[in-house]
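Engineer: quick one, what's the 3D model for this:
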Amino acid sequence: MAQNQTDPVEYPDVLENIKEICYNVENAKAKYRKSGDEVRIMAVTKTVPAEKINFAVKNGFTLLGENRVQEYLSKKDLYDKTAEVQFIGHLQTNKVKYIVDEVSLIQSVDSLKLAAEIDRLAGKKGRIMNVLAEINIGGELSKSGVSVEGLEELIYGISGMNNISLKGLMAIPPVGSGEEVFDKMHGIFLSVKEKSIPNVSMDILSMGMSGDYETAIKHGSNLVRIGTRLFGARKYLEG
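Structural biologist: Reported below is the predicted structural model:
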């Protein structure tokens, strides 16, 4: 029997993945964190069809992470309106105008040039844009992110802007990283927090993906970004 177009699409594999991820997150929190610590789970949506994303939203994964501006613009009107969307991918300054009034937070700010453009355009929209500073914690040439050495300049530069508020740090540790890399990132996060810099709140440490989110939770992450373990292997798009 053909499925009625108004019937909700079911993804039993995604539902099983949601249960497993939630169990693992709660287990990691119980083992490594204080009672009451919150860890948000972000569903990473790159190349995933909107109906599959909406299924995850209906089952509690209401925080979405977008990697590509163009892909987001093509899907955003199809998303469940209860979802919160953040931008997590590399962001070019000429693309800021398309998302500055659309997303709740930009995680991938890695230069003063990008921060200044977000600040300028957020001001034109009459809003304060929340952002994270992205650190290239592994020093990988293939990845974006400010160097550890350049972080202080970026943070103090953002702190002086009027329409942008720094809420924390984001990192993508190299695949196969030992725990010392996660621990280093947590140490940087805590050291910035202790400085009590104006307009810098350090509420969020976004670290951990499908292969290492439990390790990230152990080392202080309170936002993990999960795509493959949630939606299955991606079919990568060109461009």
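Engineer: hmm, S210 and T228 touching each other?
Structural biologist: Yes - T228 is within contact range of S210, at 4.4 Å (criterion: CB atoms under 8 Å). Placement of C-beta: from N, CA and C, glycine included.
Engineer: so how many other residues sit close to N27?
Structural biologist: 12 (other CB atoms under 10 Å).
Engineer: ok now do the residue lying closest to it once chain neighbours are set aside, which residues does it touch?
Structural biologist: Nearest in space to N27, with sequence neighbours left out and distances taken as CB to CB, 6 or more residues apart in numbering, is E214 at 7.8 Å. E214 sits next to 24-25, 27-28, 208 when contact means CB atoms under 8 Å, 6 or more residues apart in numbering.
Engineer: quick check on E214: phi, psi?
Structural biologist: Torsion angles at E214 (phi, psi; degrees, to the nearest 10) stand at phi -70, psi -40.
Engineer: state the distance from L105 to R127.
Structural biologist: The gap separating L105 from R127 is 12 Å, by CB to CB, to the nearest Å.
Engineer: tell me which of those two has more neighbours.
Structural biologist: L105 (22 against 13).
Engineer: specify the beta-bridge partners of the more buried one.
Structural biologist: Residues in a beta bridge with L105, per DSSP bridges, are Q86, N130.
Engineer: how close does it sit to V9?
Structural biologist: 28 Å.
Engineer: mind checking pLDDT for the nearest residue to V69 once chain neighbours are set aside?
Structural biologist: Residue nearest to V69 in three dimensions, not counting chain neighbours: K95, with 4.4 Å by CB to CB, 6+ apart. pLDDT, K95: 98.
Engineer: list the buried residues of the longest helix seen in the chain.
Structural biologist: Taking DSSP state H as the criterion, the chain has its longest helix at helix 12-32. Within helix 12-32, the residues scored as buried using 16 or more other CB atoms under 10 Å are 14, 17-18, 21, 24-25, 28-29.
Engineer: likewise for stretch 208-222?
Structural biologist: Taking 16+ other CB under 10 Å as the criterion, stretch 208-222 shows 208-210, 212-222 as buried.
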